[in-house]
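here is the input, now give the coordinates:
(one chain, ligands or ions: 1)
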Amino acid sequence: MEKIALITGASGGLGQAVVERLGREGWSLVLAGRSSRRLTETHSQDHLQIEVDCSTRSGAQHLLEETISRLGIPTALLHCAGNIRLGAMHRMKEEDFLDCLNANLVSAFHTLAAFVAALREAQRPGAAVLVSSAAARIGTPNHEAVAAAKAGVEGLVRAAAATYAPNGIRINAVAPGIMTTPATNSLLASPAMRDMAAKQYPLPGIGSPEELADLMAWLLSDAATRVTGQVWSLDGGFAAIRPLVK
Ligand SMILES: NC(=O)c1ccc[n+]([C@@H]2O[C@H](COP(=O)([O-])OP(=O)(O)OC[C@H]3O[C@@H](n4cnc5c(N)ncnc54)[C@H](OP(=O)(O)O)[C@@H]3O)[C@@H](O)[C@H]2O)c1
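The predicted model follows:
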């Protein structure tokens, strides 16, 4: 049976790494983004590309309908759409907070809902991987909006994993620390800024979207058929451990 994977945020840094990783494994891919121009600039004419805003219920439903009618039932969802909206909450504009919730949490809810509905209708098993953040796991200054949104994603993953386990649908998330992608261009703009960011981590360094894509691909694979409801950190120990102070 053809392996079909749906990738949201496909024109972003993580989305591109996931497209390359799954493409090498022989998946048929559906790439979703809000701008067909950005999708084409990033991926030429490769793969099925669908312009859609998956942060609305109708957009997410449209994405699944288009995918099914043009390619077939997707059995994997990699929800890479999202943003990192930083700033102390007392200074954050309401529109920026709502944009953060929409990009990260509302989009995850609607896209996952449409995905599991399609699998249930087709009586097929499947797997979804969502993206959280180290900032949802440990208090980090000026991350209030994104931490709240990603903590919502983590709760969504556990509840949905429980609901759909009887249908053979596995739902997990990954929680990266900072990675080199367009979303962090301004945070990692100079060698000094990269050095400072890298030192925040018990295992010092800046993550790459490719290493996160490897973990996401593993969570989809046959090696992970009993893994569900989990959030896998890939953050150099940032959220879990403290190095010994010397
Ligand atoms: N980079 C990091 O350091 C880091 C750390 C922790 C977590 N993350 C998470 O990793 C995921 C991927 O981020 P990235 O680093 O690859 O960032 P990116 O390069 O900016 O890509 C994010 C993608 O999300 C899409 N998007 C943004 N807002 C959206 C909205 N309201 N509705 C639907 N799609 C939207 C954008 O696609 P279009 O505008 O083309 O639709 C964009 O391609 C995100 O969930 C992010 O929060 C990243």
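
for the chain, longest helix please?
Scanning the chain for the helix with the most residues, using DSSP state H, yields helix 144-164.

following it, which helix or strand comes up?
strand 169-176 (DSSP states H and E).

tell me the pLDDT of the residue lying farthest from the centre of the chain.
Most distant residue from the mean C-alpha position of the chain: residue 246, 36.6 Å away (CA atoms, centre = their mean). The per-residue pLDDT reported for residue 246 equals 82.

distance of it relative to residue 205?
For residue 246, the distance to residue 205 (CB to CB, to the nearest Å) stands at 19 Å. (Each C-beta comes from the backbone N, C-alpha and C, glycine too.)

which sections of this protein are below the confidence cut-off?
Within the chain, no stretch has pLDDT under 70.

80 instead, please
1 (pLDDT under 80).

how about the residues of it near the ligand?
Counting by CB under 6 Å from any ligand atom, the residues of the chain close to the ligand are 9, 11-15, 33-35, 38, 53-55, 80-84, 102-104, 107, 131, 133, 176, 178-179, 181-184.

any of the residues you listed buried? List them.
Among the residues of the chain next to the ligand, those classed as buried by 16 or more other CB atoms under 10 Å are 9, 11-15, 33-34, 53-55, 80-84, 102-104, 107, 131, 133, 176, 178-179, 181, 183-184.

now, which of those residues lie within strands?
Of the positions in these, 33, 131, 176 sit in strands, assigned by DSSP state E.

would you agree the first one is in contact with residue 53?
No. Using CB atoms under 8 Å, residue 33 makes no contact with residue 53, being 9.3 Å away.

which residues of this structure fall in helices?
For the chain, the helices defined by DSSP H occupy 13-24, 36-43, 57-70, 94-101, 107-122, 144-164, 191-199, 209-220.

list the buried residues for the second one?
This points to helix 36-43. 39, 40, 42, 43.

and which of those is nearest to residue 141?
The closest of the buried residues of helix 36-43 to residue 141 turns out to be residue 42 (CB to CB; 32.5 Å).

from what I can see that closest one touches residue 11, true?
Yes. Between residue 42 and residue 11 there is a contact under CB under 8 Å: 4.5 Å.

can you work out which residues contact both of those two?
Residues touching both residue 42 and residue 11 (CB atoms under 8 Å, 6 or more residues apart in numbering): there are none.

where's residue 182 relative to residue 35, distance?
Counting by CB to CB, the gap from residue 182 to residue 35 is 13 Å.

understood, closing this out.
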